[in-house]
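S.K.: quick one: sequence plus predicted model below, questions after.
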Amino acid sequence: MSKVVKGLYYANSHEWLQLSGDTALVGITDFAQSQLGTVVFVDLPEVGAKLIKGKEFGAVESVKAASDLYSPVSGTVIAINEVLVGDPEQINHDAFSSWMLKVKLANPKELATLLDDQGYLAICH
């Protein structure tokens, strides 16, 4: 069974979001990394990039497949996790501490469209 963390927001596309004021960390879930296998590359946007909820913001590649990443919220990228660029396999060790982006939210009301931990568990079969 994949790990799910209480208190986070989840997208149907298997990204998680940890809110802190008007900013949020974004990453992929434990379920997503387990489906991908060993992660060998992450493609992340530049700082300053504008994200649109539900639209692609990057990709993650593994030994098995490549998968697009979709933004759970709209906003502006204010930081990327440089550690993952050099060592993407960190995602496999702990998907929830391996954040990808820090985003300044454009519309906090979008959070209402995301899942809580129980809702996310229900879609992970």
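M.R.: Received the coordinates, thanks. Numbering: from 1, shown residues only.
S.K.: which stretches in this structure count as strands?
M.R.: Secondary structure of the chain by DSSP state E: the strands cover 9-10, 15-20, 23-28, 39-43, 50-51, 56-62, 66-70, 75-80, 101-105.
S.K.: check contacts around Leu17.
M.R.: When contacts are counted by CB atoms under 8 Å, 6 or more residues apart in numbering, Leu17 is found next to Leu8, Tyr9, Tyr10, Ala11, Ala24, Leu25, Val26, Pro72, Val73, Leu111, Leu114. For the C-beta atoms, the positions are set from N, CA and C on the backbone; glycine is no exception.
S.K.: ok, so of the residues you listed, who is nearest His93?
M.R.: His93 has its nearest neighbour among the contacts of Leu17 in Leu25, at 16.7 Å by CB to CB.
S.K.: relative to Lys64, how far out is that closest one?
M.R.: With distances taken as CB to CB, to the nearest Å, Leu25 is found 26 Å from Lys64.
S.K.: between these two, point out the one with more neighbours.
M.R.: Per other CB atoms under 10 Å, whichever of Leu25 and Lys64 has more neighbours is Leu25, with 20 against 12.
S.K.: excluding covalently adjacent residues, which one is nearest to that one?
M.R.: Trp99 (4.0 Å; CB to CB, 6 or more residues apart in numbering).
S.K.: quick check on Ser98: phi, psi?
M.R.: With angles defined as degrees, to the nearest 10, Ser98 shows backbone torsions of phi -100, psi 70.
S.K.: got the contact list for it?
M.R.: With contacts taken as CB under 8 Å, 6+ apart, Ser98 has the following neighbours: Gly27, Asn81, Val83, Leu84, Gln90, Ile91.
S.K.: ok, so of those residues, who is nearest Ser34?
M.R.: Using CB to CB, Ile91 is the member of these that lies nearest Ser34, at 10.4 Å.
S.K.: lovely, talk soon.
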